[in-house]
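In: structure for the following, please:
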Amino acid sequence: MIKYSIEFLPQAYDDIESIADTLAQFYKSTVSNFRSSLEKKIEQICTNPFSCPISLYSEKFRLAIIDDNILYYEVNESTQMITVYIVIHSSRDIENFLSRLLI
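Out: Numbering: from 1, shown residues only. Next up is the predicted model:
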């Protein structure tokens, strides 16, 4: 089985740090739980990038649910690369965020 490489765009890194900062305000253990869930999901995506559903907002993106957050990524089969664009809380205006990425 081929394992895909993964890259995080700067916005995705910022999103992850923002989520961790928010979680740390409540319980410190939730940050490590979130990071652990994120690592498991990334491993799943790298091993089987088509296991997550295609976004309803754009066929360009697939989405992976991590606790209350959604990770949006794109799969490039020719380079065997996964690009993570954003990680956003499921209650946020996802369509607005994705529309800015598609401009």
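In: and the strands in this structure?
Out: Under the criterion DSSP state E, the chain contains strands at 5-8, 62-66, 69-76, 81-89.
In: hey, what's L71 bridged with?
Out: With DSSP bridges applied, L71 shows beta-bridge pairing to A64, V87.
In: F50: neighbour count?
Out: Burial of F50, expressed as a neighbour count using other Cβ atoms under 10 Å, amounts to 10. For the C-beta atoms, the positions are set from N, CA and C on the backbone; glycine is no exception.
In: the nearest residue to it once chain neighbours are set aside: what's it in contact with?
Out: Across the structure, with Cβ to Cβ, 6 or more residues apart in numbering as the measure, the residue nearest F50 apart from its sequence neighbours is V75 (6.8 Å). Under the criterion of Cβ atoms under 8 Å, 6 or more residues apart in numbering, the contact partners of V75 comprise 4, 49-50, 62, 81-82.
In: check K3 too.
Out: Taking Cβ under 8 Å, 6+ apart as the criterion, K3 is in contact with 46-47.
In: can you tell me how far it is from D14?
Out: Separation of K3 from D14 (Cβ to Cβ, to the nearest Å) stands at 26 Å.
In: same thing with T47?
Out: Relative to D14, and taking Cβ to Cβ, T47 is found at 26 Å.
In: P49 now?
Out: In this structure, P49 lies at 23 Å from D14, with Cβ to Cβ as the measure.
In: between those two, who's got more neighbours?
Out: When neighbours are counted by other Cβ under 10 Å, P49 and D14 differ, and P49 comes out ahead with 22 against 13.
In: in terms of pLDDT, where does the more buried one sit?
Out: The predicted structure scores P49 at 96 on the pLDDT scale.
In: check contacts around T30.
Out: With contacts defined as Cβ under 8 Å, 6+ apart, T30 is in contact with 23-24.
In: ok, T83 next?
Out: Listed by Cβ under 8 Å, 6+ apart, the contact set of T83 reads 6-9, 73-74, 76.
In: mind redoing it with 7 Å?
Out: Contacts were defined as Cβ atoms under 7 Å, 6 or more residues apart in numbering; by that measure T83 touches 7, 9, 73-74.
In: only whichever of these are buried, select them in ChimeraX.
Out: In ChimeraX, a selection of the buried entries from the contacts of T83 looks like this (16 or more other Cβ atoms under 10 Å):
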select :73,74
